[in-house]
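S.K.: Build me a model:
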Amino acid sequence: MSTQTDRSRFSPELIVLSGCLIALITFGPRASAGLFQIPMTTEYGWGRDVFGLAIAFQNLLWGLGQPFAGAVADRFGALRVLCVGALLYAAGLVVMAYATTPGMLHLGAGILIGFGLSGCSFNLVLGAFGKLLPEQWRPMAFGAGTAAGSFGQFLFPPIGNVLISSIGWHQALVVFAVSVLLVLPLSLTLATRPNAGAASQGGPAPAPNQSIRQALSEAFQHRSYVLLVLGFFTCGFQLAFITAHLPAYLKDAGLSAAIGGWTLAVIGLANAVGSLSAGWLSTRMSKRWLLAWIYLGRSVAIAAFILIPASPVSSIAFGVSIGLLWLSTVPPTSSLVMLMFGTRYMAMLYGFAFFSHQVGGFLGVWLGGLLYEAYGNYTFVWWLSIALGIASALINLPIKEEPVERAPSLQPAE
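M.R.: Take a look at the predicted model:
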């Protein structure tokens, strides 16, 4: 039987449904970015490094804005942040659609979409889930929210391919912009009260007077949190590189644009399964070991993909294997942040972990375009992704899965 939470007039089922729809809608267009690389660079005569830099800025600014958006949502509630983020995101897609210079492309695809995503992506949804949902709902809700974003990756690339071929890439981006505006009404159910959020069951002792500065100091002096943040760098590097450059990589191998779109779609569909499974496993096994196996599995999947000659079958098989591991890092990572520090500043603290993720994303996309223009292939970046995956598997192993030691009460914040 469902019960309403203490902090929302909406039922847990409606909160999860709305959050999942927001995650789906906001993840879809950015996951389809690689489809626009060749049409844009062909029309304007740009190198792939120009497009790659724009998407790299998007990843970096998404990560840079995330802790601040999370802090504002933690302090003043999630509704305003989600709405402003959606408006910036939609504006960025429109600017991208009509960008005729690299500078305009970087403004739209990079700055506006990047900051827009920091305010309305699944990261804010997970933070709202942590505050609004009963404790027993949270791990599976984290998995469901992540899986919904994955389903957006499955849904949008084929739609994007159809739109590009039928009405052109400019209009396809405008259609995506309109779809993002659906976040505005959906965000009403995720409205959190200012300063809402107590420590979760099994978390640290509550710190009702803890300031943002104290929360950050506590987190970055905590070795396990720092290791978690460092390991998340690899996740961003691998995902952003593949999202932005896989369609072009497959096109270079002689495969059609449709194969690139369907491979991204398969990644999204498999990711829905992987994210839900990771949410379920996060409640039943060691989260650090789960993360280590995910990162190691990615390295194995990438190595197999680049060592086997590219074909439609190998591409789809890679989509399935990497998709199962795609965002499956998010449920255990977010659960560990909540376990260590509670829910009060979860959106902000997860935001800093996500910033590390997006610094990796920036480097993955940027190096992909830069090294392609220098060497004519993506070989070095593929092997770098493999090495980083192994490193992150090892980094996560020393993490201690326990609440931070905290005094029963803190002095009032200044």
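S.K.: Return the distance of Pro134 relative to Ala141.
M.R.: Separation of Pro134 from Ala141 (C-beta to C-beta, to the nearest Å) stands at 10 Å. Quick note: C-beta positions are derived from backbone N, CA and C, even for glycine.
S.K.: Neighbour count: those two, which is higher?
M.R.: More neighbours surround Ala141 than the other of Pro134 and Ala141, with 25 against 15 (other C-beta atoms under 10 Å).
S.K.: For the closest residue to that one other than its chain neighbours, give me its contacts.
M.R.: In space, not counting the residues next to it along the chain, Ala141 is nearest to Phe129; the distance is 4.7 Å by C-beta to C-beta, 6 or more residues apart in numbering. For Phe129, the contacting residues are 15-16, 19, 137-138, 141-142, 145, taking C-beta atoms under 8 Å, 6 or more residues apart in numbering as the criterion.
S.K.: Out of the residues you listed, which is nearest to Val337?
M.R.: Within these, proximity to Val337 (C-beta to C-beta) peaks at Phe142, which comes in at 10.4 Å.
S.K.: Hmm, that closest one is touching Gly279, no?
M.R.: Yes - under the contact definition of C-beta atoms under 8 Å, Phe142 touches Gly279, with a separation of 5.5 Å.
S.K.: Now the common contact residues for these two.
M.R.: Counting by C-beta under 8 Å, 6+ apart, the common neighbours of Phe142 and Gly279 are Pro331.
S.K.: Looking at those two, which has the bigger crowd around it?
M.R.: More crowded of Phe142 and Gly279, by other C-beta under 10 Å: Phe142, with 28 against 25.
S.K.: mind checking the backbone torsions on that one?
M.R.: Here the main-chain torsion angles of Phe142 (degrees, to the nearest 10) amount to phi -60, psi -40.
S.K.: Against Ser224, how distant is it?
M.R.: With distances taken as C-beta to C-beta, Phe142 is found 19 Å from Ser224.
S.K.: where does this structure have low pLDDT?
M.R.: Residues of the chain that meet the criterion pLDDT under 70 lie in 1-8, 192-208, 406-414.
S.K.: one more time with 50
M.R.: Per-residue confidence for the chain (pLDDT under 50) gives these ranges: 1-6, 197-202, 410-414.
S.K.: can you tell me which residues contact the spatially closest residue to Asn161 that is not a sequence neighbour?
M.R.: Leaving out its chain neighbours, the residue that sits closest to Asn161 by C-beta to C-beta, 6+ apart is Gly261, at 4.2 Å. Taking C-beta under 8 Å, 6+ apart as the criterion, Gly261 is in contact with 35, 157-158, 160-161, 247.
S.K.: got a winner among the residues you listed for most neighbours?
M.R.: Pro157 (29 neighbours).
S.K.: Identify the residues contacting that residue.
M.R.: Contacts were defined as C-beta under 8 Å, 6+ apart; by that measure Pro157 touches 31-32, 35, 261-262, 264-265, 268.
S.K.: Could you do Leu126 as well?
M.R.: Residues 142, 145-146, 330, 334, 346-347, 350 are the ones in contact with Leu126 under the rule C-beta under 8 Å, 6+ apart.
S.K.: Quick check: it vs Ser282, distance?
M.R.: Going from Leu126 to Ser282 by C-beta to C-beta gives 13 Å.
S.K.: Give me the common contacts of the two.
M.R.: Between them, Leu126 and Ser282 have Phe142 as joint contacts when contacts are counted by C-beta under 8 Å, 6+ apart.
S.K.: Do a quick rundown of the helices in the stretch 251-400 of the chain.
M.R.: Secondary structure of the stretch 251-400 of the chain by DSSP state H, counting those that start in this stretch: the helices cover 257-281, 287-307, 312-324, 330-341, 346-375, 379-396.
S.K.: Specify the angle between the longest one and helix 330-341 in degrees.
M.R.: In terms of direction (axes from the mean of the first three to the mean of the last three C-alpha atoms, to 10 degrees), helix 346-375 departs from helix 330-341 by 140 degrees.
S.K.: Show me what helix 346-375 packs onto, helices and strands only.
M.R.: Contact here means 3 or more C-beta pairs under 8 Å, 6 or more residues apart in numbering; DSSP states H and E; on that basis helix 346-375 packs against helix 48-76, helix 122-132, helix 212-220, helix 223-252, helix 330-341, helix 379-396.
S.K.: Could I get the buried residue list for that helix?
M.R.: Of the residues in helix 346-375, those buried by neighbour count under the rule 16 or more other C-beta atoms under 10 Å are 346-372.
S.K.: angle of that helix against helix 122-132?
M.R.: For helix 346-375 and helix 122-132, the angle between their directions (the same axes, to 10 degrees) works out to 170 degrees.
S.K.: Go ahead and confirm His245 touches Leu367.
M.R.: No - taking C-beta under 8 Å as the contact criterion, His245 and Leu367 are not neighbours in contact, 9.8 Å apart.
S.K.: Between these two, which contacts overlap?
M.R.: Residues touching both His245 and Leu367 (C-beta under 8 Å, 6+ apart): Val381.
S.K.: ok, back up a step: mind listing which of the contacts of Gly261 are in helices?
M.R.: Here DSSP state H is the test, and the contacts of Gly261 give 157-158, 160-161, 247 as lying in helices.
S.K.: how about the residues you listed, which pair is most distant?
M.R.: Based on C-beta to C-beta, the longest span within the ones in helices among the contacts of Gly261 runs between Pro158 and Pro247 and measures 12.5 Å.
S.K.: returning to that earlier point: to Val72, which of the helices of the stretch 251-400 of the chain lies closest?
M.R.: Evaluated over the helices of the stretch 251-400 of the chain, closeness to Val72 peaks at helix 346-375, with 8.8 Å, by C-beta to C-beta.
S.K.: Excluding chain neighbours, give the residue nearest to Leu370 in space.
M.R.: Asp49 (5.3 Å).
S.K.: Equivalent analysis for Cys20, please.
M.R.: Nearest one to Cys20, counting by C-beta to C-beta, 6+ apart, is Ala148 at 3.5 Å.
S.K.: ditto for Glu218
M.R.: When the adjacent residues along the chain are set aside, Glu218 lies closest to Val404, with 6.3 Å between them (C-beta to C-beta, 6+ apart).
S.K.: Show the contacting residues for that neighbour.
M.R.: Val404 neighbours (C-beta under 8 Å, 6+ apart): 204, 218, 222, 340-341.
S.K.: for Ala257, same thing?
M.R.: Ala257 makes contact with 35, 38, 161, 247, 251 under the criterion C-beta under 8 Å, 6+ apart.
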